[in-house]
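In: Just the structure for this:
(2 chains)
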2 protein chains.
Amino acid sequence: MPRNQFRGDFRFYKIFHPMFSARYHCTNHCLGDYSLDTIIYNCPTCDALLEVRHDLAALKQTSAAEWKEIFERRYKSAEWPDDSGIWGKKEWVNPHVANENIVSLGEGATHLLRAARFGKWIGLENLWVKQCGNSHSGSFKDLGMTALVSQVKQMIANGATIRAVVCASTGDTSAALAAYCAAAEIPAVVLLPKNKISAAQLVQPIANGALTLALDTDFDGCMAIVKELAKRPDIYLANSMNSLRLEGQKTISIEITQQLGWQIPDWVIVPGGNLGNISAIGRGFLMLRDLGLIGRLPRLVCAQAEKANPLYESYKTGFREFHPKRAEPTAASAIQIGHPVSVKKAIAMLQEFSGVVEQANEDELANAAALGDKAGLFNCPHTGVALAALIKLVERGEIKKSERIVVISTANGLKFPEFKIHYHQGQLNEVIAKYKNAPVEIPASSEEVMEAIQQRLQFEFAMK
Amino acid sequence: MPRNQFRGDFRFYKIFHPMFSARYHCTNHCLGDYSLDTIIYNCPTCDALLEVRHDLAALKQTSAAEWKEIFERRYKSAEWPDDSGIWGKKEWVNPHVANENIVSLGEGATHLLRAARFGKWIGLENLWVKQCGNSHSGSFKDLGMTALVSQVKQMIANGATIRAVVCASTGDTSAALAAYCAAAEIPAVVLLPKNKISAAQLVQPIANGALTLALDTDFDGCMAIVKELAKRPDIYLANSMNSLRLEGQKTISIEITQQLGWQIPDWVIVPGGNLGNISAIGRGFLMLRDLGLIGRLPRLVCAQAEKANPLYESYKTGFREFHPKRAEPTAASAIQIGHPVSVKKAIAMLQEFSGVVEQANEDELANAAALGDKAGLFNCPHTGVALAALIKLVERGEIKKSERIVVISTANGLKFPEFKIHYHQGQLNEVIAKYKNAPVEIPASSEEVMEAIQQRLQFEFAMK
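Out: Numbering: from 1, shown residues only, chains lettered A, B, ... in the order given. Have a look, this model is predicted:
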């Protein structure tokens, strides 16, 4: 399609662009590539994870300035599917999904919040929080799940028989899978260890109609069955082995850059467990650079809970060694992972982005989350890990006062009320709650209320 | 400011527009008007609620087409404060707040979700859900609170001594107040009856650092003290008597219209308790019409819980009578209000918008919410009331298959996990859970899993 036609007929350009292409390749550089319509998760030669590679030459036929203009025009558009932060960047995510097969719940385009008060408290002038948890299912997993479920819908439209999309997850992944499959009328199946999961953890997949199977085994047993099922041609796997999800998640980097007026931050800090997200964020920035939309890369920080810190241990060896470990229970439950699936991709990314790995113990992550809340945030414990890592990097001078920092908040604090309640009741393990705020009981009179306000004001004043 | 200057210098226009003005007036049409800098909530002559009136003549100097262009340009903006859905419409909300005093947490610009599957199930082709709960504090209250707290910050900048912003609330209002005051460094105070509130209800104000006072009285006793405090010149009242909040909330109507390509829906359905929101939504559409952006008005539906239905009872008398009543406990707890503050405004609006009032009992609201979840939504019980009212209006032919419907979802389902868990456990009072989905326990083998998937598929097929 000639360029002038695209400029003259924007609508046509959006819907029909056969020139763009993306295919699976081995992350280990084995030969061979595979259509996104193939049900495949690992390299048939070496068993490494696959990744999606885009035809950059085709994408380069549109200039950087034109891509910026296209993305800006589509951002927050009222028109389907551009009202999605992901599908307004469709050519960079998955150009093979026809618009009628896109399954969107308004994901992406989350607020980039200027965290001025928190920044001031820790000595930063230019701090931002990317609120990925203000999303349909309450976490950044929506970004990847819209990419995955849309691809499944496209494959079904192309004639594939896919009976169900399956994952083994107790948290955000199963919530996002269930919501997107519900909207798409595709059966979702969530596998869980019997008796180890609370009703609160299951409320989203249950409510969104997923078939929730409680198996008489532990979590590893569930994963073994998922891998068994994944060999079938009629079952599609939604766990993080599936690299399609990263294509959606990488739009975080594009959005941040766009929201900063096409300028990159100096640092991006993201909590890391299975390490798919840090890989995805790296992919986003690399694609921006390779297509000329940015001139340099930010530095990446992966923040791990001390209870589940195999990447941090590896970082201390200069990534020369990596040893999976047994993750211990942490309030940052979604990153309580000792054997991360995407560790190789993540290390490669961190090396390319002059990356840093930092860790936070339970006390540090809970107090950092609480300090964030006190400044008006309300994020998940994993965001607390990222905020704690930020505080450490500022304290030791690695991050400078004037630098521009973006912290990726991965989920909504509303998913973690007990973490916050227990903090303010002083009941979190290994945590001395520095910012505890408890209800004050007083008699019912306006004088007593004014007295209590006065006391609080003096206390706050004394803190400054 | 001449028009050509505004068109040539958009940035200047945004920051400096002394020609726009808004003032408080009595809703009962008593003489007199008051600066928004005045601490006043009721008419000094007749004690009726006040409302904010804008200088429409000044606003009309900008044409409807120009306003549309301005709103669209700002809606997609990455630039403060236009990245807020509210403050991108500042001249229509509160033109007297300087940009440096705006307290924004990225409120507004929530997704207008095409609820295709739910619509199909109930026989509608054109159904949308405005996701006001995908917001910073998880409810539509953010829209009003950014307007209120920004005005307080402006008053403090103007020299007023305001020690604290106070409300008596157990729910979304206190959560929003605490978050915005935390960001603004303004003390927030929440008054509550001692021993009647659970920790889960308090987690947001506690975490966001509000001074939370548990008083030795009931809820009416708390309200009496709030009214006492509101007479002081150094305390600002955030309860719904404060009409500034409606100026933020009315942007829901403007956003919906904008998201539909400047077309209005045929019907807008909103749950109603204190009835501020239906008034606000009416105000938004009236302003759109008065300034020429739309040519006609949609019809409004106020949906009440049967346990708290004084407006429904009044509607049945053609609004000739209104009797406050004792509200009974309902799962739709935020609208469990028998004596609504904004009833007069709401009735006037419903009369102007050919309005309908409908009610839903516990069984209807819970099953409607669950059916929504099954289609991929995840909203609060109050949205369930609105969805149940919609189903009734469709069933009796008042809403037609081809009409365009917008349901206002007021809060995020993540705030109500127990409502959803109890539903799927069959433990909600007065509810027969038609769409119950429970975990299925099976042995740990891939054959058993495939068998369970097969059974579910047959069951789903049989439902169609």
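
In: show me what contacts A:V301?
Out: Neighbouring residues of A:V301 by C-beta atoms under 8 Å, 6 or more residues apart in numbering or on different chains: A:267-270, A:355-358, A:386, A:389-390, A:393. Where C-beta positions appear, they are placed from N, C-alpha and C, glycine not excepted.

In: Equivalent analysis for A:A160, please.
Out: Applying C-beta under 8 Å, 6+ apart, the residues near A:A160 are A:37, A:39, A:233.

In: Just the buried ones from those?
Out: Buried subset of those (neighbour count, 16 or more other C-beta atoms under 10 Å in any protein chain shown): A:I39.

In: from the chain's centre, how far out does stretch A:222-235 sit?
Out: Averaging C-alpha positions (C-alpha atoms, centre = their mean, to the nearest Å) puts stretch A:222-235 24 Å from its chain's average.

In: typo on my end, it should be stretch A:257-273
Out: 13 Å.

In: Now that stretch: average pLDDT?
Out: Regarding stretch A:257-273, the rounded mean pLDDT is 97.

In: Show me where the stretch 51-200 of chain A has its strands.
Out: With strands called from DSSP state E, counting those that start in this stretch, the stretch 51-200 of chain A shows them at A:112-114, A:126-131, A:164-168, A:188-193.

In: would CSV of the ones you listed with mean neighbour count and distance to chain B be doable?
Out: Shown next, in CSV, are these (neighbours: other C-beta atoms under 10 Å in any protein chain shown; distance: least, C-beta to the nearest C-beta, whole Å):
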stretch, mean neighbour count, distance to chain B
strand A:112-114, 21, 6
strand A:126-131, 24, 7
strand A:164-168, 26, 5
strand A:188-193, 25, 6
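
In: among those strands, which is nearest B:S333?
Out: strand A:126-131 (26.4 Å; C-beta to C-beta).

In: low pLDDT regions in chain A?
Out: A:1-18, A:459-464 (pLDDT under 70).

In: In chain A, which residue is most central in space?
Out: Centroid-nearest residue in chain A: A:F140, 3.9 Å away (criterion: C-alpha atoms, centre = their mean).

In: So that residue versus chain B, what's the distance?
Out: For A:F140, the distance to chain B equals 14 Å [C-beta to the nearest C-beta, to the nearest Å].

In: Now do the phi/psi pair for the closest residue to that residue other than its chain neighbours.
Out: Among residues not flanking A:F140 along the chain, A:C132 sits closest, at 3.7 Å (C-beta to C-beta, 6 or more residues apart in numbering or on different chains). The phi and psi values for A:C132, taken as degrees, to the nearest 10, are phi -60, psi -20.

In: contacting residues for A:C132?
Out: Contacts of A:C132 (C-beta under 8 Å, 6+ apart): A:110, A:139-140, A:143, A:252, A:408-411.

In: just curious, which of these is nearest to A:A179?
Out: Distance to A:A179 across these (C-beta to C-beta) is lowest for A:S139, with 10.6 Å.

In: How many residues are close by that closest one?
Out: Per other C-beta atoms under 10 Å in any protein chain shown, the neighbour tally for A:S139 reads 26.

In: what do you get for A:Q351?
Out: So A:Q351, with other C-beta under 10 Å, has 12 neighbours.

In: measure it to A:I278 for me?
Out: With distances taken as C-beta to C-beta, to the nearest Å, A:Q351 is found 12 Å from A:I278.

In: mind listing the helices for the stretch 1-150 of chain A?
Out: Assigned by DSSP state H, counting those that start in this stretch, the helices in the stretch 1-150 of chain A fall at A:3-8, A:10-15, A:56-60, A:64-74, A:90-93, A:116-122, A:141-157.

In: So which of the ones you listed is nearest A:L365?
Out: With C-beta to C-beta, the closest approach to A:L365 among the helices of the stretch 1-150 of chain A belongs to helix A:116-122: 14.6 Å.

In: Got phi/psi on the closest residue to A:L31 other than its chain neighbours?
Out: Once flanking residues are discounted, A:L31 sits nearest to A:T45: 7.5 Å by C-beta to C-beta, 6+ apart. Dihedral pair for A:T45: phi -80, psi -50, per degrees, to the nearest 10.

In: Roughly how far does A:T45 sit from chain B?
Out: A:T45 is 25 Å from chain B, by C-beta to the nearest C-beta.

In: go on, A:P324?
Out: Taking C-beta to the nearest C-beta, one finds A:P324 at 23 Å from chain B.

In: residues touching the residue nearest to A:L229 when sequence neighbours are not counted, list them.
Out: Leaving aside its chain neighbours, A:L229 sits nearest to A:I235 (4.7 Å; criterion: C-beta to C-beta, 6+ apart). Applying C-beta under 8 Å, 6+ apart, we find A:I235 in contact with A:162-166, A:229.

In: With A:R245 instead?
Out: Here A:R245 is in contact with A:141, A:143-145, A:147-148, A:238, A:276, A:280 (criterion: C-beta under 8 Å, 6+ apart).

In: Quickly check these for the two that are furthest apart.
Out: Every pair of these checked by C-beta to C-beta; the farthest is A:A238 and A:A280, at 15.3 Å.

In: Tell me which of these two has more neighbours.
Out: Neighbour comparison, A:A238 and A:A280: the larger count goes to A:A238, with 31 against 27 (by other C-beta under 10 Å).

In: Can you tell me the closest non-neighbouring residue to the more buried one?
Out: A:C167 is the one closest to A:A238 (C-beta to C-beta, 6+ apart), at 4.1 Å.

In: Would you confirm that that neighbour contacts A:Y236?
Out: No: the pair A:C167 / A:Y236 is not scored as a contact, 9.8 Å apart, by C-beta atoms under 8 Å.

In: picking that back up, how many neighbouring residues does the residue nearest to A:L31 have?
Out: By other C-beta under 10 Å, neighbour count at A:T45 equals 11.

In: wait, it sits on A:D33?
Out: No: here A:T45 lies out of contact with A:D33, judged by C-beta under 8 Å, at a distance of 11.9 Å.

In: And the helices in the stretch 201-350 of chain A?
Out: A:219-229, A:244-249, A:251-259, A:276-290, A:310-316, A:343-352.

In: Give me whichever of the ones you listed is most buried.
Out: helix A:244-249 (a mean of 27; mean count of other C-beta atoms under 10 Å in any protein chain shown).

In: Now flag whichever of the contacts of A:C132 is closest to A:P310.
Out: Out of the contacts of A:C132, the member with the shortest distance to A:P310 (by C-beta to C-beta) is A:T410, at 18.8 Å.

In: quick one, what contacts the closest one?
Out: A:132-133, A:139-140, A:172, A:270-271, A:277, A:334, A:380, A:382-383.

In: Kindly export stretch A:51-60 (C-alpha atoms) in PDB.
Out: Output in PDB follows, covering the C-alpha atoms of stretch A:51-60 (Å, rounded to 0.1, in the frame of the first residue of the first chain):
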ATOM      1  CA  GLU A  51       9.300 -15.200  21.100                       C
ATOM      2  CA  VAL A  52       7.300 -13.200  18.600                       C
ATOM      3  CA  ARG A  53       9.400 -11.300  16.000                       C
ATOM      4  CA  HIS A  54       7.900  -8.700  13.800                       C
ATOM      5  CA  ASP A  55       8.800  -7.900  10.300                       C
ATOM      6  CA  LEU A  56      10.700  -4.700  11.200                       C
ATOM      7  CA  ALA A  57      11.400  -3.900   7.500                       C
ATOM      8  CA  ALA A  58       7.700  -3.600   6.900                       C
ATOM      9  CA  LEU A  59       7.100  -1.500  10.000                       C
ATOM     10  CA  LYS A  60      10.000   0.800   9.000                       C
END
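
In: List the buried residues for it?
Out: A:51-52, A:54, A:58-59.

In: Also stretch A:154-173?
Out: A:154-156, A:162-173.

In: Export it to CSV, keeping only CA atoms.
Out: Provided in CSV are the C-alpha atoms of stretch A:154-173 (Å, rounded to 0.1, in the frame of the first residue of the first chain):
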residue,chain,number,x,y,z
GLN,A,154,-8.9,-15.5,15.2
MET,A,155,-7.7,-19.1,15.1
ILE,A,156,-11.2,-20.3,15.7
ALA,A,157,-12.4,-18.0,13.0
ASN,A,158,-9.7,-19.5,10.7
GLY,A,159,-11.2,-23.0,11.4
ALA,A,160,-9.2,-24.3,14.3
THR,A,161,-11.0,-26.4,16.9
ILE,A,162,-10.0,-25.0,20.3
ARG,A,163,-12.2,-26.3,23.1
ALA,A,164,-10.8,-24.2,25.9
VAL,A,165,-8.0,-21.9,27.1
VAL,A,166,-6.3,-23.3,30.2
CYS,A,167,-4.0,-21.9,32.9
ALA,A,168,-2.8,-22.9,36.3
SER,A,169,-2.9,-19.8,38.4
THR,A,170,-4.3,-18.6,41.7
GLY,A,171,-4.2,-14.9,40.9
ASP,A,172,-4.2,-12.2,38.3
THR,A,173,-3.6,-14.5,35.3
